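Peer 1: Dropping the sequence and predicted coords here.
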Amino acid sequence: MERTALLIIDMQNDFCLPGAPFAVKGARSVAPQIKKVLDAGRSCGLPIFHIIRHYRADGSDVETTRYQTFIEKGGALIEGTAGAEIIAELRPVKGEYIVIKQRWSAFFQTELDILLRRLKVSRIVVTGVQTPNCIRATVWDANSLGYQVTVLTDGTGAMSPAVHQANLFDMQNIGIQLITAGEFTTYLQRLA
């Protein structure tokens, strides 16, 4: 059987809390599904990867498309701040991996690919926010790198249901498996 890893992307306070600088409207609604999958993954001993973002306080490493908002909001996702922390219910436990990314994809200039290969992972299950940006970029890169990819349809979110569904449709059309968090949890329970 292939080895599977769970990726939880950008479930940080500055993306998830209402009124946060980069708040994604759909983030809070997917957190309970991600929590169920996280608990099931922990029970089965899946490698768990928390993919997060940190910016420098001066904004020098913020994407050009996000820089103006970063300045206007007085910063966001700055390492060591409450906004950069993973939301309380999804916080990592000992033995789980934290990968810090600077751009949309969890693979772009990070150690994620080498960690997955060292762990002999061939399938990744992707959760988090936001579907058209970091989820999609990560999925495309994973596909290009030869991973089997599953996206949890109710464990990923976007600013609107229409944007979310359009991006899921595109991912499915390149061969990405789409399932619900419940379906994946049931699969893990059968393994345990």
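Peer 2: Yes, it's here. None of the values given here were measured: they were computed from a predicted structure.
Peer 1: which other residues reach the longest helix anywhere in the chain?
Peer 2: Within the chain, and with DSSP state H defining each element, the longest helix by residue count is helix 27-44. Surrounding helix 27-44, the residues in contact under the criterion CB atoms under 8 Å, 6 or more residues apart in numbering are 6, 8, 11, 15-18, 48, 87, 89-90, 93, 125, 127-130, 152, 154-157, 180-182, 184-185, 188-189, 191-192. Every C-beta, even on glycine, is put in place using the N, C-alpha and C of the backbone.
Peer 1: Just the CA coordinates for it, please, in CSV.
Peer 2: Written as CSV, here are the backbone C-alpha positions of helix 27-44 (Å, rounded to 0.1, in the frame of the first residue of the first chain):
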residue,chain,number,x,y,z
ALA,A,27,-11.8,29.0,6.5
ARG,A,28,-13.7,28.6,9.8
SER,A,29,-16.3,26.3,8.1
VAL,A,30,-13.7,23.8,7.0
ALA,A,31,-11.9,23.6,10.4
PRO,A,32,-14.2,21.0,12.0
GLN,A,33,-13.7,18.6,9.0
ILE,A,34,-10.0,19.1,9.1
LYS,A,35,-10.0,18.4,12.8
LYS,A,36,-11.8,15.1,12.3
VAL,A,37,-9.3,14.1,9.6
LEU,A,38,-6.4,15.2,11.7
ASP,A,39,-7.5,13.1,14.7
ALA,A,40,-8.1,10.1,12.4
GLY,A,41,-4.7,10.6,10.8
ARG,A,42,-3.0,10.8,14.2
SER,A,43,-4.7,7.6,15.2
CYS,A,44,-3.4,5.8,12.1
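Peer 1: Would you indicate which residues of that helix are buried?
Peer 2: With burial defined by 16 or more other CB atoms under 10 Å, the residues of helix 27-44 counted as buried are 27-28, 30-31, 33-38, 40-41.
Peer 1: Report the buried residues of the worst-scoring helix or strand of the chain on mean pLDDT.
Peer 2: Here the helix or strand of the chain ranked lowest by mean pLDDT, DSSP states H and E is helix 181-191, holding a mean of 90. The neighbour-count criterion (16+ other CB under 10 Å) identifies 181, 184-185, 188 as the buried residues of helix 181-191.
Peer 1: Can you flag the buried ones in the contacts of helix 27-44?
Peer 2: The buried subset of the contacts of helix 27-44 (16+ other CB under 10 Å) comprises 6, 8, 11, 15-16, 48, 87, 90, 125, 127-130, 152, 154-157, 181, 184-185, 188.
Peer 1: can you pull out the strands in the protein?
Peer 2: With strands called from DSSP state E, the chain shows them at 3-9, 48-53, 97-101, 121-129, 148-157, 177-179.
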